[in-house]
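Enquirer: give me coordinates for this.
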Amino acid sequence: MDNRSPPAKFFKLWPTLLMHDQLPDAQTLNRLLAEEIEQRDTAKSDLTTAYRDRNFFEFEQPAIV
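Expert: Got it, this is the predicted structure:
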């Protein structure tokens, strides 16, 4: 009698496509966005755990708008 398990099967239930794109002049806005996030994180250390408290896109920041 063979006690080995059958081989694992992989199912393609959720196909995922990752894409990387370089937008023209995005470096400046990316830097502004990183600075904005760092400032918010410094002001409120639990920013990632309380992310539903406020809509991130309601802020008047050129990198977000």
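Enquirer: what about residue 61, neighbour count?
Expert: Residues lying near residue 61 (other CB atoms under 10 Å) number 17. All C-beta atoms are positioned from the backbone trio N, CA, C, and that covers glycine.
Enquirer: state the helix or strand in which it lies.
Expert: Assigned by DSSP states H and E, residue 61 falls within no helix or strand.
Enquirer: and for residue 35?
Expert: Applying DSSP H and E as the criterion places residue 35 in helix 26-43.
Enquirer: that helix: how far from the chain's middle?
Expert: Taking the mean of its C-alpha atoms, helix 26-43 sits 14 Å from the chain's own mean (CA atoms, centre = their mean, to the nearest Å).
Enquirer: now it: buried residues?
Expert: Residues residue 36 are the ones in helix 26-43 that count as buried (16 or more other CB atoms under 10 Å).
Enquirer: can you report how many residues neighbour residue 3?
Expert: Close neighbours of residue 3, defined as other CB under 10 Å, add up to 4.
Enquirer: go on, the one 5 residues further on?
Expert: By other CB under 10 Å, 5 other residues sit near residue 8.
Enquirer: distance of residue 61 from residue 19?
Expert: Going from residue 61 to residue 19 by CB to CB, to the nearest Å gives 25 Å.
Enquirer: could you do residue 59 as well?
Expert: 26 Å.
Enquirer: got it, and residue 8?
Expert: Using CB to CB, residue 8 is found at 29 Å from residue 19.
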